[in-house]
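>>> Structure for the following, please:
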Amino acid sequence: MLAVQEAQLAMEKVRGFRGNVRAVRTDTLVDKAAEARYPTWRENIEEWEKVGSDRPYHYLGSAIWFNRMGNAFADALMDLMDD
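Numbers count the residues shown, from 1 in each chain. Alright, predicted model coming up:
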């Protein structure tokens with residue numbers, strides 16, 4: 001997993017992509033409420049459904065996490081447009 005993450009983050013440094021690619025770390029945008037509730041989601045379905053939907057896949061299905069990622073992607077795009 002770490003090798004894949006490092007390769008993804010390195011893409012903006014590849015000669016053919018320099019200046020037109022930005023790597024965005026999504027692991028730093030974690031929804032801590034969804035992450036905290038995930039281990040017991042089966043026992044607490046109603047509470048879980050307030051924060052997530054996709055269990056261990058796709059950022060736990062957290063709207064908060066997806067919103068943070070969307071903002072980070074937009075910021076990265078704006079940064080590219082400024083270059």
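>>> rest of the way, CA atoms for contacts and neighbours
OK.
>>> mind showing which ranges of this structure have poor pLDDT?
The chain contains residues with pLDDT under 70 at 83.
>>> biggest helix in it, by residue count?
Ranked by residue count under DSSP state H, the longest helix found in the chain is helix 63-82.
>>> from the middle of its chain, how far away would that one be?
How far helix 63-82 lies from its chain's middle: 10 Å, per Cα atoms, centre = their mean, to the nearest Å.
>>> for it, which positions count as buried?
Ala63, Ile64, Trp65, Phe66, Arg68, Met69, Ala72, Phe73, Ala76 (16 or more other Cα atoms under 10 Å).
>>> Next one: the most centrally placed residue in the chain from Gly16, what distance?
Centroid-nearest residue in the chain: Thr26, 3.1 Å away (criterion: Cα atoms, centre = their mean). Distance of Thr26 to Gly16, computed by Cα to Cα, to the nearest Å: 23 Å.
>>> burial measure for Met1, as a count.
Per other Cα atoms under 10 Å, the neighbour tally for Met1 reads 6.
>>> now the farthest one out in this protein, which residue is it?
Distance from the centre of the chain peaks at Glu43, with 25.9 Å (Cα atoms, centre = their mean).
>>> I'd like to know how far it sits from Glu49.
Glu43 is 12 Å from Glu49, by Cα to Cα.
>>> Next: Val24.
27 Å.
>>> got the CA coordinates for the helix or strand containing Glu35 in PDB?
Element membership for Glu35 (DSSP states H and E) is helix 32-37. Extracted in PDB, the C-alpha atoms of helix 32-37 (Å, rounded to 0.1, in the frame of the first residue of the first chain):
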ATOM      1  CA  LYS A  32     -12.600  11.100  12.300                       C
ATOM      2  CA  ALA A  33     -16.200  10.500  13.400                       C
ATOM      3  CA  ALA A  34     -16.700   7.900  10.600                       C
ATOM      4  CA  GLU A  35     -13.300   6.400  11.400                       C
ATOM      5  CA  ALA A  36     -14.200   6.100  15.100                       C
ATOM      6  CA  ARG A  37     -17.600   4.600  14.500                       C
END
